[in-house]
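**Q** Any chance you can model this:
(one chain, ligands or ions: 1)
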Amino acid sequence: KGCKLVGCGSAVPTLQVSNDDLAKIVDTSDEWISVRTGIRNRRVITGKDSLTTLAVEAAKNALQMAEVDPDDLDLVLLCTSTPDDLFGSAPQIQKALGCKRNPLAYDITAACSGFVLGLISAACYIRGGGFNNVLVIGADALSRHVDWTDRGTCILFGDAAGAVVVQACNSEEDGLFGFDLHSDGDGQRHLNARFKENDADHDLGSNGSVLGFPPRRSSYSCIQMNGKEVFRFAVRCVPQSIESALKKAGLTGSSIDWLLLHQANQRIIDAVASRLEIPPERVISNLVNYGNTSASSIPLALDEAVRSGKVQSGHTIAAAGFGAGLTWGSAIVRW
Ligand code: ACO
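**A** Numbering: from 1, shown residues only. Presented below is the predicted three-dimensional model:
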């Protein structure tokens, strides 16, 4: 059994925050940010917007393009590290879409690799049988977990949602040619947003020992990142992963139409493209307008490229995600 991409959609919050806006709250400049990252603007969730509302809008756009009715969905995968509900937000999206058959809906947490992982999960469900239409949404609101006094991280991230519909088809039409997925828990020290364990949060027993029960209400730390290490990891692991996925697909860098990487930093995108000998005109990039939108960056950039006519039916795309975990992975797909 094969699977193919039949629709995409995206949504971004209305509030735009420029580099100059950020320079008013931290010691930075438009020049520093744009030279080091390629980013000039990002969108930030405010007011009525939530991760769920953005994800629902992106999903509706993808379903409309795919001409798939919400009632025909067999599975909804929400790839996010920033759900509105810690227990998972996918069922809320399923409800908002009005899927009457109560299809399974759950969250996948793999930071900026989430969308690629969701796409491969969708393909595995379809190929395993019993699933015909799977909605894969990448949505993140890292603005909620950024330390807005830390100029090393707050300049990078933005909020958005993107979605695709993956559909069962016969093997001749199969649109997933190869993939490659990895993680390395050792690298967590370079990029994380850990649960804060603080002894002061626990009651002390009569002898002064920490009872640790009942635990007090706690929270997660803001994003902690060693930018240089994450940069090195990305330019080392992403080309290897894409090469491995291409090999499984029986393809080479020269036979793909588009390179579509997680939009983290233009310098990372350029370095990976150069290592794979893919010229700039075959590289998709929109981070100048949105920054790093984590799990949503690949479907957001795909949606823009499809709707602008850049990516056309039959084109082959090498997509790769990478980020916290550490996690990374690639998929060679046909649009
Ligand atoms: N404005 C001005 N100066 C700054 C800023 C800023 N926003 N941020 C840091 N600096 C300063 C530093 O303090 C440092 O000053 P010093 O030399 O006096 O000590 C200098 O600029 C250089 O800082 P570096 O951190 O070494 O800068 P670098 O060239 O590494 O760029 C960056 C930093 C842009 C973060 C880069 O390392 C990067 O993009 N790394 C990859 C990060 C990434 O992609 N993360 C996303 C992962 S996805 C996920 O899963 C969430």
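**Q** and Met65, helix, strand or coil?
**A** Classification of Met65 by DSSP: H, G, I helix; E, B strand; the rest coil places it in helix.
**Q** Look up the closest residue to it, ignoring the ones flanking it.
**A** Gly7 (3.6 Å; C-beta to C-beta, 6 or more residues apart in numbering). Using the backbone N, CA and C atoms, a C-beta is placed for each residue, glycine as well.
**Q** Give the bridge partners for that neighbour, please.
**A** Under DSSP bridges, the beta-bridge partners of Gly7 are Val165.
**Q** Phe87 - how many residues pack around it?
**A** 7 (other C-beta atoms under 10 Å).
**Q** How is this protein partitioned into domains?
**A** Per automatic domain parsing, the structural domains of the chain span 2-173, 176-188+222-334.
**Q** With mean pLDDT and distance to Arg216 as extra columns, can I get those in TSV?
**A** Shown next, in TSV, are the domains of the chain (pLDDT from 0 to 100; distance: least, C-beta to C-beta, whole Å):
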stretch	mean pLDDT	distance to Arg216
domain 2-173	97	17
domain 176-188+222-334	97	19
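**Q** for the ones you listed, which one sits closest to the ligand?
**A** Nearest to the ligand among the domains of the chain is domain 176-188+222-334; the distance by C-beta to the nearest ligand atom comes to 2.2 Å.
**Q** That closest one and the ligand, any residue contact?
**A** Yes. Domain 176-188+222-334 is in contact with the ligand by C-beta under 6 Å from any ligand atom, via 225, 227-228, 230-231, 264-265, 292, 294, 323-324.
**Q** Select from these the one having the most neighbours.
**A** Busiest of those [other C-beta under 10 Å] is Ser294, holding 33 neighbours.
**Q** quick one: Ser113 and Trp328 touch, right?
**A** Yes. With contacts counted by C-beta atoms under 8 Å, Ser113 reaches Trp328, the gap being 5.7 Å.
**Q** Test of understanding: give the bridge partners of Ser329.
**A** You called it Ser, but residue 329 is Gly. Leu181, Gly321.
**Q** so it touches Val116, yeah?
**A** Yes. The criterion here is C-beta under 8 Å, and Gly329 meets it with Val116 at 4.5 Å.
**Q** For Arg151, give me the backbone phi and psi.
**A** phi -70, psi -20 (degrees, to the nearest 10).
**Q** Relative to Gly227, how far out is it?
**A** 11 Å (C-beta to C-beta, to the nearest Å).
**Q** Adding distance to Pro214, write the domains of the chain out as CSV.
**A** Below are these laid out as CSV (distance: least, C-beta to C-beta, whole Å):
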stretch, distance to Pro214
domain 2-173, 18
domain 176-188+222-334, 26
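**Q** closest one to Lys196 among those?
**A** Closest to Lys196 of the domains of the chain, according to C-beta to C-beta: domain 176-188+222-334, at 10.0 Å.
**Q** how long is the closest one end to end?
**A** 7 Å (C-alpha to C-alpha, to the nearest Å).
**Q** What is the neighbour count of Glu67?
**A** Neighbours of Glu67 using other C-beta under 10 Å come to 10.
**Q** With the one 4 residues further on instead?
**A** Asp71 is surrounded by 12 other residues when neighbours are defined as other C-beta under 10 Å.
**Q** Not counting residues beside it along the chain, what's closest to Gly152?
**A** Gly227 (6.1 Å).
**Q** residue contacts, Gly88?
**A** 78, 106-107 (C-beta atoms under 8 Å, 6 or more residues apart in numbering).
**Q** For PyMOL, write the selection for the buried entries among those residues.
**A** Buried members of those, defined by 16 or more other C-beta atoms under 10 Å, are picked up in PyMOL with:
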select buried, resi 78+107
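**Q** Just the ones in strands from the contacts of Gly88, please.
**A** Counting by DSSP state E, the contacts of Gly88 place 78, 106-107 in strands.
**Q** Show residues contacting the helix or strand where Val272 lies.
**A** Counting by DSSP states H and E, the element that carries Val272 is helix 266-275. With C-beta under 8 Å, 6+ apart as the test, helix 266-275 has contacts from 36-39, 231, 234-235, 238-239, 242, 259, 261, 263, 279-280, 283, 285, 287-288, 320.
**Q** can you pull out the strands in the chain?
**A** According to DSSP E, the strands that the chain contains are 2-11, 16-18, 41-43, 75-79, 104-108, 133-141, 159-169, 176-183, 191-192, 224-225, 258-261, 316-323, 327-334.
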